[in-house]
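S.K.: need coordinates for the following:
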Amino acid sequence: MSNRIIKYLTSLRFTILLISILGVIFAMGLWIPQKNLVKDLYFDWQAKSPGLVAFLDALQLTDIYTSPLTLTVWGLFFLNLTLVMWQRFPIIRRRISLSDVKITDPASAAGYPFHRSYRLSAGLDDASVLTLLGKQGYTVLGEARGFYGIKNRYAPIAFALFHLSFFLILLGGVISVYTQFIGFLDLAQGEQFQGELARYNQSPRPSLPKVGGAPRAAFTIESITPHVVRNTPTGISVKLVDAGGKVHEVGINTPYIVDNTSFVFKHLGVAPLIVIKDPSGKEIEGAYLKLDVLQGRRDRFALAGFHFFARFYPDYFVKDGLSATRSGEFNNPVFSIAVERGDKKLAEGPVSKNGSLEFGGYRLEIRDMPFWVRFYVIKERGLSILYTGMAIASFAVIWRLIFFRRELLGSVREVDGVRTLLVAARSEYYKSLAEEEFNKLFGKFSDDGRSDT
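M.R.: Residues are numbered from 1 along each chain as shown. Below is the predicted model of the structure:
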């Protein structure tokens, strides 16, 4: 009974079945919003179709990649892979071993589709035939009157490496899933970060790892320099200084990496230092405010009991009595700020750096106008293992398909009074290409490259 179960678990039919089921699961994961991957889309969908989402939640189809069904299928897949490898290892060991090689007559050898005979050159002795094969990368056993040659003898190991890579990919994937942290972090120029979890944006909330905690990182934003040509953003340069005093530069495609964590530039905004003074000139409140006002967006904030609405013009000028910007370059940055209390608008006007706006006896001042950046923060500890598995898989495929195995049987003998090389050969892949290679190789042994079929 156990042998029948093992036979089925190692069968090609069972492998295809598992791969098909995994394919269906992945397709469903792409079609059904996954709450751990696309939270905003998931919650929007949940609000619109609560009954359907509750049903899918009950079946764990909204968290399908880590559901018991998926984990069971993955477990069966790797059980199948383990049993297949266990059966294949002795075969691989025998194939790379030369101890069981039997040298037979090439004229009658079975399993060798390529059969040829070549008239040897007059100056080519028996030892030279074996020497020439050795120079072509063949390992040769026997002597000229009967020999066996093999090229790329260790090619079957590539099969084992390819299957081993699946285990590394699985291990890396599992470690990544259980140690993954995803969050968004807003930091302004001059601001310090010590790795505090509370500093991450709460909308959306950080996705905490199942094992471990938030990334360990400590740095200060030294400078933020956007690069804009006319109305086209061309780059960003964010310089930060880590706890050891080393300076790092973050760009659009160059994240800051520490503790298996990538801090990826995501968004840019303006963080003015705004101070409110009462009618007596006393400062009553002030703060650096991270305002999302680039590319024409409008943002709001509240200070000292007032509500403010802000637009930003990076290259300010007045056109037909209205505020406008000549370009996206930060040549003349100015805020247009409206002040309200209750439902009443108190004032509205442009405010530049070191400028001010009077409203109801109060005064708003902008004393500084640095930038802020939003980082997409992702931590995954298993990526190096996963990438190693992928590299091994790629290496194994290249090794297996390019450096494929060739075998031959040969014998030098007299045929009708002429010294002749009889050859029987075979290759794992590319039959036509291999025959062309064999003809070219053995043609060098004869005076005119001639072969007799």
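
S.K.: contacts for the strand or helix carrying residue 16?
M.R.: In the assignment (DSSP states H and E), residue 16 maps to helix 12-31. For helix 12-31, the surrounding residues in contact (C-beta atoms under 8 Å, 6 or more residues apart in numbering) are 8, 61, 64-65, 69-70, 73-74, 76-77, 80, 84. From N, CA and C alone the C-beta is placed, and that goes for glycine too.

S.K.: mind doing that once more with 6 Å?
M.R.: By C-beta atoms under 6 Å, 6 or more residues apart in numbering, the residues outside helix 12-31 that reach it are 8, 64-65, 70, 73, 76-77, 80.

S.K.: buried members of those residues into PyMOL, please.
M.R.: A single PyMOL command is used to select the members of the contacts of helix 12-31 judged buried by 16 or more other C-beta atoms under 10 Å:
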select buried, resi 64+65+70+73+76+77+80
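
S.K.: out of the contacts of helix 12-31, which sit inside helices?
M.R.: In helices, defined here by DSSP state H, the members of the contacts of helix 12-31 are 8, 70, 73, 76-77, 80.

S.K.: could those residues go into TSV alongside distance to residue 382 and pLDDT?
M.R.: Shown next, in TSV, are the ones in helices among the contacts of helix 12-31 (distance: C-beta to C-beta, whole Å; pLDDT from 0 to 100):
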residue	distance to residue 382	pLDDT
8	32	79
70	17	83
73	20	87
76	22	87
77	18	86
80	22	86
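
S.K.: turn those into TSV, columns for distance to residue 275.
M.R.: Output for the ones in helices among the contacts of helix 12-31, formatted as TSV (distance: C-beta to C-beta, whole Å):
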residue	distance to residue 275
8	76
70	55
73	61
76	65
77	63
80	68
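
S.K.: tell me the one of these nearest residue 239?
M.R.: When the ones in helices among the contacts of helix 12-31 are compared for distance to residue 239 (C-beta to C-beta), residue 70 wins out at 43.2 Å.

S.K.: how about that closest one: what's its closest non-neighbour residue?
M.R.: residue 25 (5.5 Å; C-beta to C-beta, 6 or more residues apart in numbering).

S.K.: again, but for residue 137
M.R.: Nearest residue to residue 137, sequence neighbours excluded (C-beta to C-beta, 6+ apart): residue 151, at 5.0 Å.

S.K.: who does that neighbour bridge with?
M.R.: In this entry, residue 151 is beta-bridged to residue 138, residue 406, by DSSP bridges.

S.K.: my read: it touches residue 406, true?
M.R.: Yes. Residue 151 lies in contact with residue 406 (C-beta atoms under 6 Å); the separation is 4.4 Å.

S.K.: which one of these two is surrounded by more residues?
M.R.: residue 406 (25 against 19; other C-beta atoms under 10 Å).

S.K.: correct me if wrong: that one contacts residue 150.
M.R.: No. At 7.1 Å, residue 406 and residue 150 do not qualify as touching, with contact defined as C-beta under 6 Å.

S.K.: give me the neighbour count for residue 53.
M.R.: If you count neighbours by other C-beta under 10 Å, residue 53 ends up with 20.

S.K.: tell me the mean pLDDT over whatever helix or strand it lives in?
M.R.: Here residue 53 sits within helix 50-58, counting by DSSP H and E. Taken as a whole, helix 50-58 carries a mean pLDDT of 77.

S.K.: what's the answer for stretch 351-360, then?
M.R.: Mean pLDDT, stretch 351-360: 94.

S.K.: heads up, I number from 21, so please use that
M.R.: Sure, I'll start numbering at 21, so the last one becomes stretch 371-380.

S.K.: list the buried residues of it.
M.R.: Residues of stretch 371-380 classed as buried: 371, 375, 377, 379 (neighbour count, 16+ other C-beta under 10 Å).

S.K.: buried set for the helix holding residue 73?
M.R.: Within helix 70-78, the residues that qualify as buried are 73, 76, counting by 16+ other C-beta under 10 Å.

S.K.: do stretch 345-356 as well
M.R.: 345, 348-350, 353-356.

S.K.: distance check, the closest residue to residue 255 other than its chain neighbours against residue 258.
M.R.: Nearest non-adjacent residue to residue 255, counting by C-beta to C-beta, 6+ apart: residue 247, 4.1 Å away. Using C-beta to C-beta, to the nearest Å, one gets 11 Å for the distance from residue 247 to residue 258.

S.K.: just want to know which of those two has more residues nearby.
M.R.: Under the neighbour definition other C-beta under 10 Å, residue 247 and residue 258 were set side by side, and residue 258 has more, 25 against 13.

S.K.: quick one, what contacts the more buried one?
M.R.: By C-beta under 6 Å, 6+ apart, the contact set of residue 258 is 244, 270, 393.

S.K.: could I get the full set of strands for the stretch 171-320 of the chain?
M.R.: All strands of the stretch 171-320 of the chain, identified by DSSP state E, counting those that start in this stretch, fall at 201-208, 212-213, 239-249, 252-262, 267-270, 276-278, 281-290, 293-297, 303-308, 319-323.

S.K.: my bad, should have said the stretch 371-473 of the chain
M.R.: For the stretch 371-473 of the chain, the strands defined by DSSP E, counting those that start in this stretch cover 376-379, 382-388, 391-399, 426-435, 438-447, 466-472.

S.K.: that older thread, quickly check the ones in helices among the contacts of helix 32-51 for the two that are furthest apart.
M.R.: For the ones in helices among the contacts of helix 32-51, with distances taken as C-beta to C-beta, the pair at the greatest spread is 28 and 90 (21.4 Å).

S.K.: tell me how far the residue nearest to residue 394 when sequence neighbours are not counted lies from residue 215.
M.R.: Closest residue to residue 394 apart from its sequence neighbours, by C-beta to C-beta, 6+ apart: residue 287 at 3.8 Å. Distance check for residue 287 against residue 215: by C-beta to C-beta, it reads 21 Å.

S.K.: and residue 150, how far from residue 316?
M.R.: Residue 150 sits at a distance of 80 Å from residue 316 (criterion: C-beta to C-beta).
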